[in-house]
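Enquirer: Just need the structure, nothing else, for what follows:
(chains A and B)
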There are 2 protein chains.
Amino acid sequence: MNKDEILTLIIDGSIDISKLKTLLSDMNTADIAEILGELDKDKIIQIFRILPKSIATDVFAYADSDEQQIIIEALTDSEVTEIMNKLFVDDAVDFIEEMPADVVTRVLQHVRLEKRKQINQILQYPDDSAGSIMTTEFVDLREDTLVQDAFNTIRITGLNKETIYTCYVIRRDRLLVGVITAKDLLLARPSDLISDIMDTNVIFAHTTDDREAIADQFQKYGFLAMPVVDKEQRLVGIITVDDIVDVIVEESTEDIEKMAALVPSEDPYLKTGVFQHAKNRFLWMLILMLSATITGSIISSFENGLMVIPILVAFIPMLMNTGGIAGSQTSTLIIRGMAVGEIGMKDILVILWKELRVGVLCGLGLGLVNFIRVFIINNHDWKLCLTVTMSLFCTILMAKTVGSVLPILAKRLKIDPAIMSAPLLTTIVDAVSLIIFFSFSKAILGL
Amino acid sequence: MNKDEILTLIIDGSIDISKLKTLLSDMNTADIAEILGELDKDKIIQIFRILPKSIATDVFAYADSDEQQIIIEALTDSEVTEIMNKLFVDDAVDFIEEMPADVVTRVLQHVRLEKRKQINQILQYPDDSAGSIMTTEFVDLREDTLVQDAFNTIRITGLNKETIYTCYVIRRDRLLVGVITAKDLLLARPSDLISDIMDTNVIFAHTTDDREAIADQFQKYGFLAMPVVDKEQRLVGIITVDDIVDVIVEESTEDIEKMAALVPSEDPYLKTGVFQHAKNRFLWMLILMLSATITGSIISSFENGLMVIPILVAFIPMLMNTGGIAGSQTSTLIIRGMAVGEIGMKDILVILWKELRVGVLCGLGLGLVNFIRVFIINNHDWKLCLTVTMSLFCTILMAKTVGSVLPILAKRLKIDPAIMSAPLLTTIVDAVSLIIFFSFSKAILGL
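Expert: Below is the predicted model:
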């Protein structure tokens, strides 16, 4: 029986509890959490209560914060204690971050002291830092341990660790000195010393490192986990690849939103309120609207010319749109290239030279099509054709150049290229394309 | 000594071979591959030759295809044989896909028969399918195996497997019946039977499944690996999380490129030729340019009105730009929401209602600012103010509506929303905003 069928049965109420219990215990916990997301409050509590204890915490960890709050408020103190002490520290932090203050207070009372300290520590790291996405549950080994004893350590403590596949070797002062994978351990002799087979060339992160940079390292090295150290190089946590997958998706969403002139938001679309949505969009709309004052005044200054040949007005949107798309194509490629680490500041000349040639090719092709189009529509007026076509060609070249330079310039000025490019690009391309158009109009049509 | 320092030493030639060899053997193989990317042909070959055999294949796997080709062409037949037989099948496929035909022919001659068959099989799966990103090197176990024997199997065969942390349980006919993690094995008793401790609720992919959907599953379930089966449910390969991280980054890049009216390309910016770049951009530029014929003719049809109040022309770019941004903000949020699985077809009414209210809020705010701006600049002409402000407000509402409906409509028609939205949105919003503007001009200014 698949997830949707089980969901229907639950909503209908047409299944008896013991049968449902059996069905649920065979399901993946992430799927059960998804089912909870589709139910109303009473059903959520009812279903959560019949879950086997062995999977209840897992389901809780996968649930959305809305469902988590409903569940936690319905539980007794001793049930809260059990869940909180079973939750991995990073999942506990994710949960607590989304709860209102009174729930947080109640929940933290039921966490044992040491774990509470760890949770509070992680809560203090800035958003987007390595510290904020790490967990403190990892396997640590000592240099002078034998492989066979390491296995015993893993067997005894492993159940409560987020991963046992990468183990970290630390000194008595918690200084990180090596890393060893479960694969290394399995392939080693039981009598080998950890210090003899560990890898001492450990790639690690600091708690304050940017999580996007960490994600790049995971991608580059193909890590399953990465250790996090404090200022004194003491091991304080690890970051696991499942959290990095989330980071990569979130960071891409953020970049996409910035490029679309939105203030990025971590909340999903449907869970964001109308006021917040409006707030996230208003600023850039305002800036773009006001920056159009520039284009407006350029047009006004050419009003007399436009009165003589009014047909010119009809070409303004075409020039602006084609220029806009030409520029944003280029800036998007450069911004993304910089985000994935392919393009750096040093490549600016290569990019400019490439974009100029691409611009010439596209400009020639579009210019030709445009010439024919205008020639047919506008009664074979070849002077008008020439004016519009030359303007189009130069606008494309200009837009490709601005689209190349802006993101790299932003990076140089330590401004986020994705944020700066869209509004500035539109404003510059619009204004300059009008100036180009009116200049050619004057020169060729003699206005 | 860090990577950049070593790179400088290599380029200078100011380090002797044996010292360099020691330095390199302590380095991470992904970093060595990155160094190769910065060197010229002779140095690449020279450095690759001094690498310890134990890491050479790894470095080769991490290297870019340009460097891979330089290396493979410089190697003797026996060296090629060694590398090819050590490479994981998925890395071998990635490498072969980028090589010219003569290199492929030579390389495949040196691969042993069974592996050659596997490589050829994977090469035949369509791009973007699960089959194309899987590897055939995995640990398979039988149901009637004891845990202690499973460990022996892993010890003997594990060195050549891409991962040993997720093992798959198959029948004699290769039918997939269960999954068991190394953690389960480590925490089990040596005398347990695999069939008693394995998880029979296996979530698997088919070879023809879309890789983006697989990536979603990795994100949802937090997998390290996922099994891939053929039509008869026989296990043929596995997909590991390191490849999924690449898929997620590539798919995000693809979406970003589509939204920017680019034909998505798998090749990095700097390695794509000028003609290819021009080709990837020309089509959408052409479509957008031609669609501006519509706006052009709307403006032409209102030419007489514009001759009477020429100042109206100056507001056209502002209305179009603000409408464009209002629409693309919305469509971007919807497209991304659908890509990450948050938004579905069923949410259309919720979205429309939300966007209408967001549009009213943004429209009121921008309308107010605009009214004041136009009032000041245009000599307190309140009729003109009203015309422009009302047009702006309605344009924003219209753009938000079109921006909500288009992506969902595209999805319904099974067209990629990211591809369809940008050009169609611009065309519709431009045209309708002009009609709105001219209608208000007629009604209020009596043209």
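
Enquirer: Please work out how many residues are found near residue A:44.
Expert: Using other CB atoms under 10 Å in any protein chain shown, residue A:44 is surrounded by 21 other residues. C-beta: built from backbone N, CA, C; applies to glycine.

Enquirer: isn't there a helix covering it?
Expert: Yes. With DSSP: H, G, I helix; E, B strand; the rest coil as the criterion, residue A:44 is assigned to a helix.

Enquirer: That one touches residue A:69, doesn't it?
Expert: No. Residue A:44 is not in contact with residue A:69 according to CB atoms under 8 Å; the separation is 10.2 Å.

Enquirer: The helix or strand encompassing residue A:30 and chain B, any residue contact?
Expert: Taking DSSP states H and E as the criterion, residue A:30 maps to helix A:29-36. Yes. Helix A:29-36 is in contact with chain B by CB under 8 Å from any CB of the partner chain, via A:30, A:34.

Enquirer: Need the mean per-residue confidence for that helix.
Expert: Throughout helix A:29-36, pLDDT has a mean value of 91.

Enquirer: Where do the strands of the stretch 151-300 of chain A begin and end?
Expert: A:166-170, A:176-181, A:205-206, A:225-229, A:235-240 (DSSP state E, counting those that start in this stretch).

Enquirer: In JSON lines, list those along with distance to residue B:160, mean neighbour count and mean pLDDT.
Expert: Shown next, in JSON lines, are these (distance: least, CB to CB, whole Å; neighbours: other CB atoms under 10 Å in any protein chain shown; pLDDT from 0 to 100):
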{"stretch": "strand A:166-170", "distance to residue B:160": "20", "mean neighbour count": "23", "mean pLDDT": "94"}
{"stretch": "strand A:176-181", "distance to residue B:160": "15", "mean neighbour count": "20", "mean pLDDT": "94"}
{"stretch": "strand A:205-206", "distance to residue B:160": "31", "mean neighbour count": "19", "mean pLDDT": "96"}
{"stretch": "strand A:225-229", "distance to residue B:160": "23", "mean neighbour count": "24", "mean pLDDT": "95"}
{"stretch": "strand A:235-240", "distance to residue B:160": "25", "mean neighbour count": "25", "mean pLDDT": "94"}
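
Enquirer: Can you redo these as TSV, where the extra columns are distance to chain B?
Expert: What follows is those, written out as TSV (distance: least, CB to the nearest CB, whole Å):
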stretch	distance to chain B
strand A:166-170	10
strand A:176-181	9
strand A:205-206	14
strand A:225-229	10
strand A:235-240	8
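
Enquirer: can I get those strands in a markdown table with distance to residue A:409?
Expert: A markdown table is the format used below for these (distance: least, CB to CB, whole Å):
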| stretch | distance to residue A:409 |
| --- | --- |
| strand A:166-170 | 41 |
| strand A:176-181 | 39 |
| strand A:205-206 | 29 |
| strand A:225-229 | 33 |
| strand A:235-240 | 33 |
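
Enquirer: between those strands, which one is nearest to residue B:73?
Expert: With CB to CB, the closest approach to residue B:73 among these belongs to strand A:176-181: 33.9 Å.

Enquirer: Any idea how far the closest one is from the middle of the chain?
Expert: The chain centre lies 29 Å from the centre of strand A:176-181; the measure is CA atoms, centre = their mean, to the nearest Å.

Enquirer: Packing partners of it?
Expert: Applying 3 or more CB pairs under 8 Å, 6 or more residues apart in numbering or on different chains; DSSP states H and E, one finds that strand A:176-181 contacts strand A:166-170, helix A:194-197, strand A:225-229.

Enquirer: buried stuff in the shortest one?
Expert: Okay, so that is helix A:194-197. By 16 or more other CB atoms under 10 Å in any protein chain shown, the buried positions in helix A:194-197 come out as A:194, A:195, A:197.

Enquirer: need the contact list for the second one.
Expert: Going back to what we said before, that points to residue A:195. Residue A:195 makes contact with A:143, A:144, A:169, A:178, according to CB atoms under 8 Å, 6 or more residues apart in numbering or on different chains.

Enquirer: my guess is the second one meets residue A:193, correct?
Expert: The reference is to residue A:144. Yes. Judged on CB under 8 Å, residue A:144 makes contact with residue A:193 at a distance of 6.7 Å.

Enquirer: Between the two, point out the one with more neighbours.
Expert: Per other CB under 10 Å, whichever of residue A:144 and residue A:193 has more neighbours is residue A:193, with 14 against 10.

Enquirer: Tell me, how many residues neighbour the nearest residue to the more buried one once chain neighbours are set aside?
Expert: Distances taken as CB to CB, 6 or more residues apart in numbering or on different chains put residue A:146 closest to residue A:193, at 6.3 Å, once the chain neighbours are dropped. Other residues near residue A:146 number 15, with proximity taken as other CB under 10 Å.

Enquirer: can you check residue A:215 too?
Expert: Neighbours of residue A:215 using other CB under 10 Å come to 25.

Enquirer: List the contacts of it.
Expert: By CB under 8 Å, 6+ apart, the neighbours of residue A:215 are A:244, A:247, A:248, A:251.

Enquirer: Of the residues you listed, keep whichever come out buried.
Expert: Among the contacts of residue A:215, those classed as buried by 16+ other CB under 10 Å are A:244, A:247, A:248, A:251.

Enquirer: ok, and which of those residues reach chain B?
Expert: A:244, A:248.

Enquirer: Tell me which stretches of the stretch 1-150 of chain A form strands.
Expert: Counting by DSSP E, counting those that start in this stretch, the strands of the stretch 1-150 of chain A are A:140-141.
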